[in-house]
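>>> Predicted model, plus sequence, below.
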Protein chains: 2
Amino acid sequence: MGEYSIGVDLGGTNLRAAAIDRTGKVLQKIEGATQLSAGRDAVVSDIVAAIVKLRATLGVERLVGIGIGIPGFIIMEKGLVTDSPNLPEFHNFPIRDEIERLLQSPVLLENDANAAALGEKWMGAGRDVQDLVLLTLGTGIGGGIICNGKVLHGFVGMAGELGHITVVPGGNPCGCGNNGCLEKHASATAITTMARLMGLGENLTSKQVYDLAIAGDQKARVVFERMGIALGTALAALINIFNFPLYLLSGGVLGAWDLFAPAMFEEVRRRSVVFRSTDTRIEKATLGNEAGLYGAAYLPFQARIITAETTTV
Amino acid sequence: MGEYSIGVDLGGTNLRAAAIDRTGKVLQKIEGATQLSAGRDAVVSDIVAAIVKLRATLGVERLVGIGIGIPGFIIMEKGLVTDSPNLPEFHNFPIRDEIERLLQSPVLLENDANAAALGEKWMGAGRDVQDLVLLTLGTGIGGGIICNGKVLHGFVGMAGELGHITVVPGGNPCGCGNNGCLEKHASATAITTMARLMGLGENLTSKQVYDLAIAGDQKARVVFERMGIALGTALAALINIFNFPLYLLSGGVLGAWDLFAPAMFEEVRRRSVVFRSTDTRIEKATLGNEAGLYGAAYLPFQARIITAETTTV
């Protein structure tokens, strides 16, 4: 048996950890709920317990390292999460150092959307490219940028905040202080908000809006068209900026692809001269909820490659 | 005397070439008009003649290489310019191969805005960083992205088309097929167009609009505020995407900084949570018209560094 690494995906709802080998084979997996109500220390304990269990089963000798994906802004240098709406108790908490202390082992931290993008590049829809952008469409919209095979972090670690690109200058207000952010016009939350504003119902889920659209409701169809236009506007900007070969979408809203994709592609074609001039692909991500877990597990493998390169030069 | 390289900046108006050493010292420079009316072959002859002259004076032994900056989309692999409004005769012309044939020497091609960004990174406002974005504000708006010290090209060579980011979804029509492109709302041309639309005069130059604004004309002041808002919208998106430490502006319109910068910064602050959370800088580029020449000359030096790194690994 060869080397393996441990990846952890800490979400607002679920906590998952897996031991994955170099070929991307999942050797063992642990899943559970994120015990937010029990407090931060309980969540940290659950993370550590999962890692310890995997490590005990598979052996410490063959363990390359540990990677953890977490929602929110991550200050890479300090190993801090500074702003995670889903994990408010972790604000400014030195989570990396604390887990390293408890495990007596180094840990690599990554933003969850960045980890998902890296996972798709390693074992998903992006296996054949070195450069891609991933948009995760959920209650909010996250983004991960893979440039030359690696996560683009920026100088603090805040790169890839693609959900806060302005797509409608006078549009819906956003908690970030802006208005017209992509995630206020193209997330699952945006779908239900638009449905409410159009009088379709007060407490619809995005799935119910989808069902209405499929059943032929014109207003519900317009909701998904608007969503496609917002996505297309952001994608057109990203394509003009990066000229990458691949742009991936993931998240539960992907089920509505047939409803929003035509408007999205029309908007991209109109707004991106680079898209029209090249074989740029916009596709569904393929790893689903597992992408972040794969990406987190890939971090230690990649760190070893990068260290080896640096040492040689 | 040490090694030097030759940089060429081919513009729609001026053709410049310079021999520059590793420290950024200009050893010799040749400047002239771009003889577009005399046809493509005449322009190519002028480029080759300038290079031959510099090479003859400074010696072929110490020449590291030749770099040329050209406006338009450059298909890197083929050494073609596919769309250059300022140089229509060069459309799909294999300019790199033709110059290499005439010189019997390899040539590196780069988009002019990319070359300017690289020049600013090497010897200008970006000397202290490895990552920056440059926006060149002229009759149009070009962009160059330096990531990890190198030009970000994308998979075809079309990255950095920042003038065609949508900033006003229902805005002014653009020759690229889109409407609301940054360059239709924040270039020198956009300034004169807005002034005309506001009834300030039919044939004003951007300098005249500037003079009106300085003299207190409220409509002229609004023109620059609108320009600042458009620039700020695009910069906010770029900052949320890249989280780079530095964003540079260059071009003749920079003279109006005091008129557009307040609106620009206000818009960036409002629209970019990453800007508000970090020490991101938005500054004037410092090399002016020389940036592209420096960047073109730096290409051969950089290629040698990259080759050395690759060989070592």
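Received it, and whenever you're ready, just let me know what you need. Numbers count the residues shown, from 1 in each chain, chains lettered A, B, ... in the order given.

>>> For whichever residue of the stretch 51-200 of chain A sits closest to chain B, give its distance to A:D97.
Nearest residue of the stretch 51-200 of chain A to chain B, counting by Cβ to the nearest Cβ: A:G154, 2.4 Å away. Backbone N, C-alpha and C define where each C-beta goes, glycine included. According to Cβ to Cβ, to the nearest Å, A:G154 and A:D97 sit 22 Å apart.

>>> The two - which one has more neighbours?
When neighbours are counted by other Cβ atoms under 10 Å in any protein chain shown, A:G154 and A:D97 differ, and A:G154 comes out ahead with 23 against 14.

>>> give me every residue that touches the more buried one.
A:G154 makes contacts with A:160, B:131, B:242-244, B:274, as judged by Cβ atoms under 8 Å, 6 or more residues apart in numbering or on different chains.

>>> if we can go back for a sec, regarding the residue of the stretch 51-200 of chain A closest to chain B, what is its secondary structure?
Assigned by DSSP: H, G, I helix; E, B strand; the rest coil, the conformation of A:G154 is coil.

>>> which residue sits closest to A:G175 in space, ignoring its chain neighbours?
Excluding its sequence neighbours, the residue lying closest to A:G175 (Cβ to Cβ, 6 or more residues apart in numbering or on different chains) is A:P85, at 7.4 Å.

>>> Phi, psi for the one you found please.
Backbone dihedrals for A:P85, given as degrees, to the nearest 10, come out at phi -50, psi -30.

>>> Let me see the confidence value for it.
pLDDT, A:P85: 72.

>>> Also the one 3 residues further on?
Reading off the confidence values, A:P88 has pLDDT 82.

>>> mind giving me the domain split of chain A?
Using automatic domain parsing, the domain parsing of chain A gives A:4-116+A:289-312, A:129-285.

>>> can you list those domains in a markdown table and add distance to B:G24?
Formatted as a markdown table, the domains of chain A follow (distance: least, Cβ to Cβ, whole Å):
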| stretch | distance to B:G24 |
| --- | --- |
| domain A:4-116+A:289-312 | 27 |
| domain A:129-285 | 24 |
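
>>> how about the residues of the stretch 201-313 of chain A that lie near chain B?
A:233, A:236-238, A:240-245, A:270-274, A:276-278, A:309, A:312-313 (Cβ under 8 Å from any Cβ of the partner chain).

>>> What about those, which are in helices?
In helices, defined here by DSSP state H, the members of these are A:233, A:236-238, A:240-242, A:270-271, A:273-274, A:276-277, A:309, A:312.

>>> and after the helix or strand hosting A:A56, which helix or strand comes next?
Using DSSP states H and E, A:A56 maps to helix A:40-58. Moving toward the C-terminus from helix A:40-58, the next helix or strand (DSSP H and E) is strand A:63-70.

>>> Low-confidence stretches in the stretch 101-250 of chain A?
Nowhere does the stretch 101-250 of chain A drop to pLDDT under 70.

>>> Name the nearest residue to A:E266, sequence neighbours excluded.
Closest residue to A:E266 apart from its sequence neighbours, by Cβ to Cβ, 6+ apart: A:G232 at 6.9 Å.

>>> Next up, the contacts around that neighbour.
When contacts are counted by Cβ under 8 Å, 6+ apart, A:G232 is found next to A:263-268, A:271.

>>> from these, which ones fall inside helices?
A:263-268, A:271.

>>> ok so, going back, what are the phi and psi angles of the residue of the stretch 51-200 of chain A closest to chain B?
Taking degrees, to the nearest 10, you get phi 80, psi -180 for the backbone angles of A:G154.

>>> That one - nearest residue in space that isn't next to it in sequence?
A:G154 sits nearest to B:N243 (Cβ to Cβ, 6+ apart), 2.4 Å away.

>>> State the distance from that neighbour to B:A18.
For B:N243, the distance to B:A18 - Cβ to Cβ - is 34 Å.

>>> Would you mind telling me which of the two has the busier surroundings?
B:N243 (26 against 23).

>>> The more buried one touches A:V156, doesn't it?
Yes: contact criterion Cβ atoms under 8 Å: B:N243 and A:V156 qualify, at 5.9 Å.

>>> Which neighbours do the two have in common?
B:274, B:278.

>>> quick one: contacts for A:I229?
Applying Cβ under 8 Å, 6+ apart to A:I229 gives the contacts A:263-264, A:267.

>>> And for A:N114?
So A:N114 contacts A:69, A:144-145, A:151, A:153, A:160, A:295 (Cβ under 8 Å, 6+ apart).

>>> Assign a three-state SS to it, would you?
Following three-state DSSP, A:N114 is assigned to helix.

>>> Distance check, it against A:V52.
Distance, A:N114 to A:V52, using Cβ to Cβ: 25 Å.

>>> can you check A:S272 too?
48 Å.

>>> got the angle for the helix holding A:A56 vs strand A:63-70?
150 degrees (axes from the mean of the first three to the mean of the last three Cα atoms, to 10 degrees).

>>> Can you point out the buried residues in helix A:40-58?
A:40, A:43-44, A:46-48, A:50-51, A:54-55, A:58 (16 or more other Cβ atoms under 10 Å in any protein chain shown).

>>> A:Q28: which of the residues you listed is nearest?
Nearest to A:Q28 among the buried residues of helix A:40-58 is A:L54, at 5.8 Å by Cβ to Cβ.

>>> you'd agree the closest one is up against A:I30?
Yes: the pair A:L54 / A:I30 is scored as a contact, 6.7 Å apart, by Cβ under 8 Å.

>>> Tell me how many other residues crowd A:Y298.
For A:Y298, the neighbour count with other Cβ under 10 Å is 24.
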